[in-house]
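A.B. asks: Sharing a model prediction with you, sequence too.
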Amino acid sequence: MSTRKASLTDKQTKNGTSKYVLERCASINEYYDSAFKVMLLGDSAVGKTCVLVRFKDGAFLGGNFIATVGIDFRNKVVDVDNLKVKLQIWDTAGQERFRSVTHAYYRDAQALLLLYDITSKSSFDNIRAWLTEIHEYAQKDVVIMLLGNKSDMAAERVVKMEEGEKLAKEYGVPFMETSAKTGVNVELAFLAIAKELKHRATQQPNEPKFQIHDYIESQKHKSGCCSLM
Ligand SMILES: Nc1nc2c(ncn2[C@@H]2O[C@H](COP(=O)(O)OP(=O)(O)OP(=O)(O)O)[C@@H](O)[C@H]2O)c(=O)[nH]1
């Protein structure tokens, strides 16, 4: 049986006024086999909260942008190879002034989803700085995935998909373009992370390693040419 509770999360509007937003907390008694911590990172306004809400609730948070203050989390249980995997997903504030708060959480994270906005060159340029921070504060074997969000905004695009692919290749991390608005690739990104973490936790010495890049590619081919764009 699962119980739901409401929590108040401190969010802040762009002009600096603070307001409280009522949010639903995750089910606290939900059954699962393994649990992992995942963090969402990236500049302010790239869409971290929206990607999380899309994955958790299947909805898009349109309207006025409300910046996250500090850090917040949601749980979601997904099925991976007949096992229930609980992802505890931490949504961090992208604003510089909250960096010291979020640094404290890096150490516990088993996976990091690093987002930029395909309509913001600066958010893409800052990815290198984020990766430097990750290498400084996160676990050495943390799973990292790069996401170019807002892929629905084709007319405003300033970062080509090839640029994202190239950067991801340079750092040896998987890459996808996502849209919290349309939902494109959001579930796939979290499922790929859940599969990688579950395989790492349960892998036998003689078992072949789970190949996250191949998994993403196979899902792309399953649903046609452009599912990951
Ligand atoms: N068109 C479009 N808009 C998006 C998408 N994702 C987020 N947005 C919009 O971008 C703005 C910022 O989204 P947030 O999810 O609050 O950004 P954030 O990265 O959590 O920002 P911080 O909390 O400051 O770190 C909001 O106005 C969203 O509606 C997307 O995929 N497509």
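C.D. replies: Thanks, I have the structure now. Residues are numbered from 1 along each chain as shown.
A.B. asks: Now the phi/psi pair for the residue of the chain most remote from its centre, please.
C.D. replies: In the chain, Asn206 marks the outermost C-alpha relative to the chain mean, sitting 30.8 Å out by C-alpha atoms, centre = their mean. Main-chain dihedrals, Asn206, degrees, to the nearest 10: phi -90, psi 0.
A.B. asks: Could you do Leu114 as well?
C.D. replies: According to degrees, to the nearest 10, Leu114 has phi -110, psi 120.
A.B. asks: Distance check, Arg97 against the ligand.
C.D. replies: 11 Å (C-beta to the nearest ligand atom, to the nearest Å). Just so you know, the C-beta spots here come from the backbone N, C-alpha and C atoms, and that holds for glycine as well.
A.B. asks: now swap in Leu167 and tell me
C.D. replies: 18 Å.
A.B. asks: Tell me, how many residues neighbour that residue?
C.D. replies: By other C-beta atoms under 10 Å, 19 other residues sit near Leu167.
A.B. asks: tell me which element it falls in.
C.D. replies: helix 161-171 (DSSP states H and E).
A.B. asks: gap between the helix or strand just after that helix and the chain center?
C.D. replies: Counting by DSSP H and E, the element after helix 161-171 in chain order, helix or strand, is strand 175-177. Distance, stretch centre to chain centre, for strand 175-177: 11 Å (C-alpha atoms, centre = their mean, to the nearest Å).
A.B. asks: what lines up beside strand 175-177 in the sheet?
C.D. replies: Counting by DSSP bridges, the strands paired with strand 175-177 are strand 143-149 (parallel).
A.B. asks: and the strand it pairs with, average pLDDT?
C.D. replies: For strand 143-149, mean pLDDT rounds to 98.
A.B. asks: what residues are up against the residue minimising distance to the centre of the chain?
C.D. replies: Residue closest to the mean C-alpha point of the chain, counted by C-alpha atoms, centre = their mean, is Leu113 at 3.8 Å. Leu113 makes contact with Val38, Met39, Leu40, Leu41, Val51, Met145, Leu147, Ala189, Phe190, Ile193 under the criterion C-beta atoms under 8 Å, 6 or more residues apart in numbering.
A.B. asks: Would you format those as a markdown table with neighbour count, distance to the ligand and secondary structure included?
C.D. replies: Shown next, in a markdown table, are the contacts of Leu113 (neighbours: other C-beta atoms under 10 Å; distance: C-beta to the nearest ligand atom, whole Å; DSSP: H, G, I helix; E, B strand; the rest coil):
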| residue | neighbour count | distance to the ligand | secondary structure |
| --- | --- | --- | --- |
| Val38 | 24 | 15 | strand |
| Met39 | 25 | 12 | strand |
| Leu40 | 25 | 8 | strand |
| Leu41 | 25 | 9 | strand |
| Val51 | 29 | 7 | helix |
| Met145 | 22 | 16 | strand |
| Leu147 | 28 | 10 | strand |
| Ala189 | 24 | 12 | helix |
| Phe190 | 23 | 15 | helix |
| Ile193 | 25 | 18 | helix |
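A.B. asks: Which two of those have the greatest separation?
C.D. replies: Leu41 and Phe190 (14.6 Å; C-beta to C-beta).
A.B. asks: who does Val38 bridge with?
C.D. replies: Residues in a beta bridge with Val38, per DSSP bridges, are Ile89, Ala111.
A.B. asks: didn't it look like it was pressed against Gln88?
C.D. replies: Yes - at 7.0 Å, Val38 counts as touching Gln88 under the criterion of C-beta atoms under 8 Å.
A.B. asks: Quick check: the closest residue to Asp33 other than its chain neighbours vs Tyr215, distance?
C.D. replies: Once flanking residues are discounted, Asp33 sits nearest to Leu83: 4.4 Å by C-beta to C-beta, 6 or more residues apart in numbering. Leu83 sits 16 Å away from Tyr215, going by C-beta to C-beta, to the nearest Å.
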